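Enquirer: Provided below are the primary sequence and the corresponding predicted coordinates.
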Amino acid sequence: MDKIIRERAENNERLTLSEKACLSAKSVGRAIPEEECSIRTCFQRDRDRIIHSQSFRRLKHKTQVFLAPDGDYYRTRLTHTLEVAQIARTIARALRLNEDLTEAVALGHDLGHTPFGHAGERALKSVSGIDFKHFEQSVRVVTKIEKNGKGLNLTGEVINGIGCHTTGEKAFTLEGQIIRLADKIAYINHDIDDAVAAGVMNEEEIPHHLRYILGNRKSERINNLVFNAVENSDDEIRLSNDFADAFGELGDFMYKNVYTCGICKREDEKAENIVERLFLFFAENSHLMPEVYVKIADEEGTERAVCDYIAGMSDTFALKKYNELFMPKFSID
């Protein structure tokens, strides 16, 4: 029985997947070679390592656009990640690509996101002098920080997909390329949903021609975008020109009307102040960080280590640390 289950799964991939798919048996492998699992393929194993990581658990307390929202309706970084995984797997299945690789990249793509969304990212970049990017930080999490500095030792395909999920060079697998599109499909549509719930906008405010092309409702837009990607992807994952233009315009509309609106901007400024003050404190008191970050400070410098430490914090932990360090404590006799 040894290895038979995994080998059967690898053979099923060869028989059922597209010739453009990335097969588990042909993975570029891991930085540190390991004995293969007898049941799981290498990409299934990567998916499981990500799900069981500390960074993945912290995503449930990292918010997206609306910081420290009232109630539990709004998306967190964890629910966003699950939505990306669902959209990405749908596209991968339709194109007969490797769903396990696609899912692993989707689940790991935002592990390096800071507390308080992109506000925290901007603050770290500004105060540290490091060109901090959350997608690069996600790679650091899985290669350098997790497991007390050992990293998760993931396959090269998963690491590449995580690092290429936002901008710049495209992933070298089609499965990795899916995540860049699935991420955008997920966050723009659920940000619309959350903005409507917060009273920031009404769905009818989206320009009519964009609703005509993409759809009038969230489910309709997601379905149409996924269908369009499946129809138009071949040697690369892409949308048709009219859908790509309309989707880009929808992103511009969201930036102008939601991401930089008064409510979000005021909360972002508060969040940036919290992150900046935490950074300055730990830059002066790096010995108070956990051991793994003290070691990074010795090897790569204090600024890099403090960025790693704060980026790993959830919103709730960052607020707790801020209150411990900077808020007065009153006692009543």
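Expert: Looks like it arrived, so ask away.

Enquirer: now for this protein, the helix or strand with the poorest mean pLDDT.
Expert: helix 262-284 (a mean of 89; mean pLDDT, DSSP states H and E).

Enquirer: spell out the residue ranges of the helices in the stretch 151-300 of the chain.
Expert: With DSSP state H, counting those that start in this stretch as the criterion, the stretch 151-300 of the chain has helices at 156-163, 174-197, 208-214, 218-232, 241-254, 262-284, 291-300.

Enquirer: with distance to residue 75 and mean neighbour count added, can I get those in TSV?
Expert: Every residue, glycine included, has its C-beta placed from N, CA and C. Formatted as TSV, the helices of the stretch 151-300 of the chain follow (distance: least, Cβ to Cβ, whole Å; neighbours: other Cβ atoms under 10 Å):
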stretch	distance to residue 75	mean neighbour count
helix 156-163	20	25
helix 174-197	5	23
helix 208-214	20	15
helix 218-232	12	17
helix 241-254	14	16
helix 262-284	14	17
helix 291-300	28	16
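
Enquirer: weakest of these in terms of mean pLDDT?
Expert: Here the lowest mean pLDDT among these goes to helix 262-284, at a mean of 89.

Enquirer: what sits up against it?
Expert: Contacts with helix 262-284, where a contact means Cβ atoms under 8 Å, 6 or more residues apart in numbering, come from 65-68, 114-117, 119-120, 122-124, 126-128, 198, 200, 258, 288-289, 302-303, 306-307, 309-310, 313, 318-319, 321-322, 325-326.

Enquirer: cool, and stretch 42-58?
Expert: Residues outside stretch 42-58 that contact it (Cβ under 8 Å, 6+ apart): 9, 24, 27, 29-30, 36-37, 40, 78, 98, 100-101, 103-104, 107-108, 111-112, 141-142, 145-147, 152, 154-155, 157-158, 312-314, 317.

Enquirer: can we see that at 6 Å?
Expert: Residues outside stretch 42-58 that contact it (Cβ atoms under 6 Å, 6 or more residues apart in numbering) are 24, 27, 37, 100-101, 103-104, 107-108, 111, 141, 146, 152, 154-155, 158, 314.

Enquirer: so what's the residue count around the closest residue to residue 295 other than its chain neighbours?
Expert: Once flanking residues are discounted, residue 295 sits nearest to residue 149: 6.1 Å by Cβ to Cβ, 6 or more residues apart in numbering. Residue 149 has 13 neighbours, counted by other Cβ atoms under 10 Å.

Enquirer: any stretches of the stretch 1-150 of the chain with poor pLDDT?
Expert: 1, 64-74 (pLDDT under 70).

Enquirer: all helices for it, in order.
Expert: All helices of the stretch 1-150 of the chain, identified by DSSP H, counting those that start in this stretch, fall at 4-16, 42-51, 54-58, 77-94, 99-108, 117-128, 134-140, 146-149.

Enquirer: now do the buried residues in the shortest one.
Expert: By that I understand helix 146-149. residue 146 (16 or more other Cβ atoms under 10 Å).

Enquirer: which neighbouring elements make contact with it?
Expert: Here helix 146-149 touches no other helix or strand, going by 3 or more Cβ pairs under 6 Å, 6 or more residues apart in numbering; DSSP states H and E.

Enquirer: nearest residue to the middle of the protein?
Expert: With distances taken as Cα atoms, centre = their mean, residue 110 lies nearest the centre of the chain, 2.0 Å away.

Enquirer: look up phi and psi at it.
Expert: Backbone torsions for residue 110, taken as degrees, to the nearest 10, come to phi -110, psi 20.

Enquirer: relative to residue 285, how far out is it?
Expert: Noted for residue 110: a distance of 28 Å to residue 285, by Cβ to Cβ, to the nearest Å.
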